[in-house]
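Engineer: The following comprises the amino acid sequence and a computationally predicted model.
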Amino acid sequence: MPKNTLYLCEKPDQGRIIAKALGGGKKVDGGISGPGWDVTWGFGHLLTPYMPHDYDENLKRWEWDPLPIVPPKFLFKAKDGMAKRQLGFIRKMLGAAGEVVISTDADREGELIAYEILNDLKWSGDTKRLWLSDLTLPAVQKALAALRDASETKPLYWAAAARTYADWIVGMNMSRAATLKLAAPGSKPMSVGRVQTPVLAMIVDLERKITNFKPEDYFEITAHVAAASGKVVMKYAPAPEKHIKDEAQAKALLAKVQGARGPLSVKTEAKKQAPPALLDLNALQQECNSRFGWSADKSLKVMQALYETHHVLTYPRTDSQALPEEHKTNIPIIAKNLSAVPELAHLLSNHAQIEIAGTARSSVYNDKKVTAHHAIVPTNQTPDISKLSADEKKLFLMVSRFWLAAHMPDMEYLQTTIAMDANGVPLKASGRQITRQGWKAAFQSPSGEDQDAEQSEEEVEEDPNATLPPLKDGETGTVDKAILDKKKTKPPARFTEKSLLQAMKNVAAYVEDSGAKKKLKETSGIGTPATRANVIETLKMRDYIKIKKRQLTPTETAFVLIDAMRATAPGYADPAMTAQWEDVLETISKAENMDLMKRFVGGIAKVVTTDVAAIKASGIKRMAGTGGNAKKGGKTFAKGRLEGDWKAKIAAGKPIKVPFDDKDKAKEMGARWDGDRKSWVVPEGTDEAPFKKAGWL
């Protein structure tokens, strides 16, 4: 009896689309069955790595002696009961299969999900790979007709496995070491990770710069200049490195400007601005944070639904902002589909569709710029907007606007610069007049208002020269009035999720060592497009960062952890090290065998062995605290922990003034740091007498 072909998918929606592309079949336990084929799926990862206590029951206790824990062979177990049941169904289908087609997402994680299952169920038969970036029916049918040998993409699995093993070794051992050495009794265990810790270090370092920032006064001059053809407001505003900080010097310059008279230099240039690049995942998450205030995690989840459930956008976890050249044939199809969307119809009259169909920029359609996946764009499927949630609709429209912009003409404008020598003080004014909206129209409603744009009060500044008067080059200008503007330097802005995502991608800007900076400029930064959102969510979950008005602020625990890592095992707080790891993983993903993967994991194990010993031997003191939450290191913590909703008790606590040198004493007495109020407090229900006696309350 001939054996079936088994298509192993990452999730049910993916499986159903593939089954439909195969001609349709009947539902069976764990999948769908058709003539000569079966389709089955995971629910993402069906298996998860063993925890330390799965290898040895004694490892449930967090103690120094067993560290570092490095399994001789990494083992996996079913995530939960549902996963265990699904694995049983897949095992049965594999028994009837003569060939497996890996049909998971076309990336490292997809390979890992598939091989975790195949390895666990000991599959050793023929294996092929279905490579998909688009879950529309025509795209799936095209990919099914061009299956690849699984060996072509298996190095992606080696890279994903290497990352998993390295993360496990670092996370399990360094988190235990940090907790045993640093964590306050009764507090949450500390968490250390190869990506999350250097990212946290960047946040902590920025917060210290803000805290230690001392504003300085500086001066600028605003001059109201009159000429025969009109009036203009001009400025003398040197660059930050040349700020005028001496008031006497500023007043002397002001005196020169007052009443100054001289010829105006007026230059007008016709310029063009190309549209913004198409979106990869990183850019999409930044746009969603800026426009909608969404977290990176929410952006990815909404995007995933538009890809998996509605099939109206292409694959989300991409780091490419270009399209394959063969996709030029999709232009009229997508344009026609978008013309049926009410919010976009005004951009797509018949004339506009013809214009778009003939526009294919080489910066957009470029095979050399496409990685494993292309930019996120609308699929060829006609979207049914009525089936989208409010958030899904927002995101679909945003991606569509970027696609439309990429196929529209350049924005054209006149750039005017006016200069005047006011007795040796150079005054300047500039402005621009848009002469052709071009792609800018893609981000506007039919009435011409910008869509989705949000600006904080700090970002909105009055522009006195929004429209410059038609002054003539060479005509005489006279300063009617000059004003001295006293300003203050501002501290650097805290990270938002948008700017943190950008920082993770462009990590070289946050490294001072010139050699490391040069190396990092050649890398893709910290983490990957698929993991960066999860890193930020982990920092939130661990109470390392708080978010207020979109700004990320580190907690006290974050400062303690980063300082301790830098004193004992500085590599974990160094963006350079984790970015270099990513480079090695990228090399593994293109390797011919598993040798580099094994050397990489072995090297990480050796480094962790050294680092655990360094933390244990250090003289760093544990964070003060009270409580008997759990046994760590074989010792029971002291009594007196804040019971119940401790966050609420801190929020309701009375602020106290604690001298810096007495902070440890304050903690021992029961005081807690309130990050929101930036103050030590006596938690609600805690005896206030000792604090009054100390003179702090």
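Structural biologist: Thanks, I have the structure now.
Engineer: C-alpha only now, for contacts and for neighbours.
Structural biologist: Fine.
Engineer: domain assignment for this structure?
Structural biologist: Following automatic domain parsing, one finds the domains of the chain at 4-152, 163-212+494-617, 217-274+412-488, 281-409, 642-693.
Engineer: average pLDDT for the longest one?
Structural biologist: Mean per-residue pLDDT for domain 163-212+494-617: 90.
Engineer: Quick check: end-to-end length of it?
Structural biologist: 28 Å (Cα to Cα, to the nearest Å).
Engineer: again with the first one
Structural biologist: Counting by Cα to Cα, the length from the leading to the trailing residue of domain 4-152 is 22 Å.
Engineer: The third one now?
Structural biologist: This stretch, domain 217-274+412-488, spans 5 Å end to end (Cα to Cα).
Engineer: pLDDT averaged over it - what is it?
Structural biologist: The average pLDDT for domain 217-274+412-488 rounds to 89.
Engineer: Check which helix or strand the closest residue to His45 other than its chain neighbours maps to.
Structural biologist: Excluding its sequence neighbours, the residue lying closest to His45 (Cα to Cα, 6 or more residues apart in numbering) is Ile113, at 5.4 Å. Secondary-structure assignment from DSSP states H and E places Ile113 in helix 108-120.
Engineer: quick one: average confidence on that helix?
Structural biologist: Helix 108-120 comes out at a mean pLDDT of 96.
Engineer: Pull out the buried residues from the helix or strand that that helix is followed by.
Structural biologist: Counting by DSSP H and E, the next helix or strand C-terminal to helix 108-120 is strand 126-129. Using 16 or more other Cα atoms under 10 Å as the test for burial, strand 126-129 gives 127-129.
Engineer: same check, this time on stretch 22-30
Structural biologist: Neighbour-count burial for stretch 22-30 [16+ other Cα under 10 Å]: 22, 25, 30.
Engineer: so for that stretch, what's the average pLDDT?
Structural biologist: Mean predicted lDDT for stretch 22-30 stands at 96.
Engineer: what distance separates that stretch from the centre of its chain?
Structural biologist: The chain centroid and the centroid of stretch 22-30 are separated by 38 Å under Cα atoms, centre = their mean, to the nearest Å.
Engineer: and the end-to-end length of it?
Structural biologist: 17 Å.
Engineer: Pull the residues that contact that stretch.
Structural biologist: Stretch 22-30 has contacts (Cα atoms under 8 Å, 6 or more residues apart in numbering) with 19, 32-35, 40-41, 86, 89-90, 141.
Engineer: Quick one, which of these are buried?
Structural biologist: Buried members of those, counted by 16+ other Cα under 10 Å: 19, 32-34, 40-41, 86, 89-90, 141.
Engineer: now those residues as CSV including secondary structure and distance to Asn212?
Structural biologist: Listed next are these as CSV, based on DSSP: H, G, I helix; E, B strand; the rest coil; distance: Cα to Cα, whole Å:
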residue, secondary structure, distance to Asn212
Ala19, helix, 60
Ile32, strand, 62
Ser33, strand, 65
Gly34, strand, 67
Thr40, strand, 57
Trp41, strand, 53
Gln86, helix, 55
Phe89, helix, 60
Ile90, helix, 59
Gln141, helix, 60
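Engineer: Present the residues you listed as CSV; the columns should include distance to Thr318.
Structural biologist: Putting the buried ones among the contacts of stretch 22-30 into CSV (distance: Cα to Cα, whole Å) gives the following:
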residue, distance to Thr318
Ala19, 25
Ile32, 29
Ser33, 31
Gly34, 32
Thr40, 25
Trp41, 22
Gln86, 29
Phe89, 32
Ile90, 29
Gln141, 22
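Engineer: from those residues, which single one is nearest Ala340?
Structural biologist: Within these, the smallest distance to Ala340 is 25.6 Å, found for Gln141 (Cα to Cα).
Engineer: need the next SSE after the helix or strand harbouring Leu264, C-terminal direction.
Structural biologist: For Leu264, the element it lies in under DSSP H and E is strand 261-273. Downstream of strand 261-273, the first helix or strand assigned by DSSP H and E is helix 281-292.
Engineer: List the first helix or strand encountered after that next one toward the C-terminus.
Structural biologist: Counting by DSSP H and E, the next helix or strand C-terminal to helix 281-292 is helix 296-308.
Engineer: Distance from that next one to the middle of the chain?
Structural biologist: Centre-to-centre, helix 296-308 and its host chain are 13 Å apart (Cα atoms, centre = their mean).
Engineer: likewise stretch 118-132?
Structural biologist: The mean C-alpha position of stretch 118-132 is separated from the chain mean by 32 Å, Cα atoms, centre = their mean.
Engineer: Mind listing what's buried along that stretch?
Structural biologist: Neighbour counts over stretch 118-132 (16+ other Cα under 10 Å) mark 118, 123, 127-132 as buried.
Engineer: Equivalent analysis for stretch 54-64, please.
Structural biologist: Applying 16+ other Cα under 10 Å to stretch 54-64 flags 62-64 as buried.
Engineer: Just the CA trace of that stretch, in CSV.
Structural biologist: Coordinates of each C-alpha in stretch 54-64 appear next as CSV, following Å, rounded to 0.1, in the frame of the first residue of the first chain:
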residue,chain,number,x,y,z
ASP,A,54,13.2,17.3,35.0
TYR,A,55,16.8,16.0,34.7
ASP,A,56,17.2,15.7,38.5
GLU,A,57,14.5,16.2,41.2
ASN,A,58,17.2,17.7,43.5
LEU,A,59,17.6,20.6,41.2
LYS,A,60,14.2,22.0,42.4
ARG,A,61,16.2,23.6,45.2
TRP,A,62,18.1,26.7,44.1
GLU,A,63,21.6,26.1,45.5
TRP,A,64,25.2,27.0,44.5
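Engineer: Gly619 in helix, strand or coil?
Structural biologist: coil (DSSP: H, G, I helix; E, B strand; the rest coil).
Engineer: between the longest helix along the chain and helix 108-120, how many degrees?
Structural biologist: Ordering each helix of the chain by length in residues (DSSP state H) puts helix 154-182 first. Helix 154-182 and helix 108-120 are oriented at 90 degrees to each other (axes from the mean of the first three to the mean of the last three Cα atoms, to 10 degrees).
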